[in-house]
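**Q** Show me how the following folds:
(2 chains)
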There are 2 protein chains.
Amino acid sequence: MKMNNAAITRPTLLVDREKCIQNILWMKAKAEKSGCLFRPHFKTHQSATVGKWFASCGVHSITVSSLGMAGYFAANGWNNITVAFPLNIREMDTVRELASKISLQVLVSSMDTMQNLSALVHAPLGFFIEVDNGYCRSGIEMKNTQAICRLLEMAEQNPHLRFRGFLSHFGDTYDAASPEQVRAIFNAGKLNMIALKEKFLPDFPDIIISAGDTPGCSLVDDFSGLDEIRPGNFVYYDLVQYRLGSCRSGQIAAVVVCPVVEVHEERSQLIIYGGAVHFSKDTVLIEDRKVFGCGIRMQENALEKPDLSVKLVKVSQEHGIVEYPAGMRGNFKPGDLLYLIPAHSCLAANLLNARTFNGEELNLFRA
Amino acid sequence: MKMNNAAITRPTLLVDREKCIQNILWMKAKAEKSGCLFRPHFKTHQSATVGKWFASCGVHSITVSSLGMAGYFAANGWNNITVAFPLNIREMDTVRELASKISLQVLVSSMDTMQNLSALVHAPLGFFIEVDNGYCRSGIEMKNTQAICRLLEMAEQNPHLRFRGFLSHFGDTYDAASPEQVRAIFNAGKLNMIALKEKFLPDFPDIIISAGDTPGCSLVDDFSGLDEIRPGNFVYYDLVQYRLGSCRSGQIAAVVVCPVVEVHEERSQLIIYGGAVHFSKDTVLIEDRKVFGCGIRMQENALEKPDLSVKLVKVSQEHGIVEYPAGMRGNFKPGDLLYLIPAHSCLAANLLNARTFNGEELNLFRA
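**A** Modelled structure (predicted):
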């Protein structure tokens, strides 16, 4: 089947369905081989259409990053959802409504929040305690078992609250200098979680431990010891992951297609319709330049190799400035489509309309 | 009237209608005193509701940054719109449809684009030639009169194409080190445009010159010589403008309200529900730290002074990490609302649902 690019008039996320499914099946097989539940994070694609691809691969449990997103996927048939974000007690009405319809798990890591939850929940609700393995974002410090015990004591006051286990995000893998370092961070975090689980297992024999950033889950082969992994970005991958070594170029499954609107040959630059409201503003260092994305060659119906020499070096609200090597002069004209791997596909996907190579529009959650 | 903050459950842009109207009237009066048409840029707010406030102040002509946005405002009663973005020839159908309904002006700065336009336009359409005063984004270099003449010759082949004049964006004011430097950049650009206009006036007696970034229009009192100004950000202002000296704290008219979800007193940090999908990822340097936003005090129904000691120092997709001074320990708990001035209000407004202090939901364009 040939792409009908003529239909693309504005910045659009173009998604390779077959590569997504390969990525899903590959990650799912690794999880199963390690005896882990595969609970992919849907914040990357935020799409019921992509969700169906996961379902067709045998995935039944998912992770999301907001209650709004949980509601969207619940309405699209998903009935086992973990909201991997510290519970926002201002949304307790939504929590209660969702918990009455599906199997919902939330994260709790502070006494104030547990107190609220305990007072307001009147139907079964699962909760994880989020623990922090050194990333210093959300969660209770991994070693602070005293705080964990206090939380669990408070939770016992409401029989509807069901302790599911411990959850962590090893986000520091994104700052690793090499694939070896990614593996080291992931495996050290895993051992910490296993130790934590063992401490609480006598009192809570059913608890599980859940982890799983995309760099770690991509670069580590054996997750044994963990009960669940939650990678999200791997379905599309992006330039951050490619530079980190988390993926091969052949696994990149989503690109941003942008119309060229001006060609400045004298300074080897293109102005594209594609700015901060399409790419967001995450960057990657490529050859000592901070770039928002880089080129990728396109052949008929397939993405070929990334072209790191074509760099999206600046974005304003709607404009992007792309630099290309002098040797490519004469290759571009206004009206052409430029294919770019975004620095961070999750943020680009949050901003763009999306379609597959076959022209199918993706159904998307919009907050 | 008292704010009903209890209704805010998720990150929300809170807009002070009265301050917006003050900002609009102030800028409009400056334009009129200078004999300029005031054609505000609506890309900042992207809201039909805010558009009505402009209309109530006597504004009738506007600027937008995309054809989609032009269509949205045309549907909301605006009938004189300039799309201040290089014409994207992939959207010629939209251009022709809009031009048949309203007075539409587009930007052209390359021969390929003019060729397409000339071949495809069958009804009156105004065009500006965008010129570049050294910002090095889009447009023809200001001094390249040869390229300008070639474009105009091509345009003459289609009698529907009406040359309106020259338009420029002095975007380098954003990189200025001081208000004096902003004024110097703006005034130098203005003189260049006046000189350019004088060259073409004998052949095109009706042409105008249009400029107007928010730093320049805020800090310069007299625009005389320009025919039109197009500032956008000034309606809300933000932390970038405040640091640049473009606005006083009392002019900041939009803040992002975020629920606090975790308090980490031991490291003087809050985790807020408010990340890259709410603030985007623009930063400002405050006390040698790159921040995505800073606190602002709130009293009843009014924004008070910015509090630069409360800093949004990190954002991931939905999480924000806020640092506060040790002296504020004990001031925060989960469920509180934190008021933050975003680094860049245009990008935050593009991402967030918005409401006024009185609880009115803003009608918003969503691409």
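**Q** Figure out how far the lengthiest strand in chain A is from the centre of its chain.
**A** Longest strand in chain A by number of residues (criterion: DSSP state E): strand A:302-315. In terms of Cα atoms, centre = their mean, to the nearest Å, the centre of strand A:302-315 is set 21 Å apart from its chain centre.
**Q** after the one helix or strand A:Val277 maps to, next one along is what?
**A** Per DSSP states H and E, A:Val277 falls inside helix A:276-279. Later in the chain than helix A:276-279, the nearest helix or strand by DSSP H and E is strand A:284-286.
**Q** coming back round to it: let me know the average pLDDT across the helix holding A:Val277.
**A** On average, the pLDDT along helix A:276-279 is 98.
**Q** Likewise for stretch A:73-90?
**A** In the prediction, stretch A:73-90 has an average pLDDT of 98.
**Q** what does stretch A:210-227 give?
**A** Here the average pLDDT along stretch A:210-227 is 97.
**Q** Next: stretch A:46-66.
**A** On average, stretch A:46-66 scores 98.
**Q** check contacts around the nearest residue to A:Pro231 once chain neighbours are set aside.
**A** Leaving out its chain neighbours, the residue that sits closest to A:Pro231 by Cβ to Cβ, 6 or more residues apart in numbering or on different chains is A:Cys217, at 4.0 Å. In this view, the C-beta of every residue, glycine as well, is placed from N, C-alpha and C. Contact partners of A:Cys217, counting by Cβ atoms under 8 Å, 6 or more residues apart in numbering or on different chains, are A:Met27, A:Lys30, A:Phe186, A:Phe223, A:Ile229, A:Pro231, A:Phe234.
**Q** Okay, A:Cys217 and chain B: tell me how far apart.
**A** Applying Cβ to the nearest Cβ, to the nearest Å, the value for A:Cys217 to chain B is 17 Å.
**Q** And that residue, which helix or strand is it part of?
**A** helix A:214-219.
**Q** again with A:Ala84
**A** Per DSSP H and E: A:Ala84 is located in strand A:80-86.
**Q** how about that strand: buried residues?
**A** A:Ile81, A:Thr82, A:Val83, A:Ala84, A:Phe85, A:Pro86 (16 or more other Cβ atoms under 10 Å in any protein chain shown).
**Q** List the strands paired with it, with their directions.
**A** Strand A:80-86 sits in its sheet next to strand A:62-64 (parallel), strand A:103-108 (parallel), going by DSSP bridges.
**Q** next one: the shortest one to chain centre, how far?
**A** Computed by Cα atoms, centre = their mean, the chain-centroid distance of strand A:62-64 equals 10 Å.
**Q** That one: what's the following helix or strand?
**A** Next element after strand A:62-64 (DSSP H and E): helix A:67-75.
**Q** I'd like to check which residues are in contact with the nearest residue to A:Ser56 once chain neighbours are set aside.
**A** Once flanking residues are discounted, A:Ser56 sits nearest to A:Ile21: 7.7 Å by Cβ to Cβ, 6+ apart. By Cβ under 8 Å, 6+ apart, A:Ile21 lies in contact with A:Trp53, A:Ser56, A:Cys57.
**Q** quick one: A:Thr145 and chain B, what's the gap?
**A** 16 Å.
**Q** which phi and psi does that residue have?
**A** phi -70, psi -20 (degrees, to the nearest 10).
**Q** Ok, A:Cys294 next?
**A** Torsion angles, degrees, to the nearest 10, at A:Cys294: phi -140, psi 160.
**Q** buried residues in the longest helix anywhere in chain A?
**A** For chain A, the longest helix by residue count, based on DSSP state H, is helix A:179-200. Under the neighbour-count criterion of 16+ other Cβ under 10 Å, helix A:179-200 has A:179, A:181-183, A:185-187, A:189-190, A:192-193, A:196-197, A:200 buried.
**Q** tell me the mean pLDDT for it?
**A** The predicted model assigns helix A:179-200 a mean pLDDT of 98.
**Q** and the next element down the chain from it?
**A** strand A:208-211.
**Q** list the contacts for A:Val284?
**A** Counted by Cβ under 8 Å, 6+ apart, A:Val284 has contacts A:Leu239, A:Val240, A:Arg243, A:Lys290, A:Val291, A:Ala343.
**Q** if I pick the second one, what's in contact with it?
**A** This points to A:Val240. A:Tyr174, A:Asp282, A:Val284, A:Ala343, A:His344.
**Q** and the stretch 251-367 of chain A, which residues reach chain B?
**A** Neighbours of chain B within the stretch 251-367 of chain A, by Cβ under 8 Å from any Cβ of the partner chain: A:259, A:261-263, A:267, A:271, A:273, A:276-277, A:280-282, A:314, A:316-319, A:321, A:333-335, A:346-347, A:350, A:353, A:366-367.
**Q** Let's see that with 6 Å instead.
**A** The stretch 251-367 of chain A has residues A:259, A:261-262, A:271, A:273, A:276-277, A:280-282, A:317-319, A:333-335, A:346-347, A:350 near chain B, with proximity defined as Cβ under 6 Å from any Cβ of the partner chain.
**Q** Mind giving me the PyMOL command for buried ones among the residues you listed?
**A** A single PyMOL command selects the buried members of these (16+ other Cβ under 10 Å):
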select buried, chain A and resi 259+261+262+271+273+276+277+280+281+282+317+318+319+334+346+347+350
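**Q** from the residues of the stretch 251-367 of chain A next to chain B, which ones fall inside strands?
**A** Per DSSP E, these map to strands at A:Pro259, A:Val261, A:Glu262, A:Ile271, A:Tyr273, A:His319.
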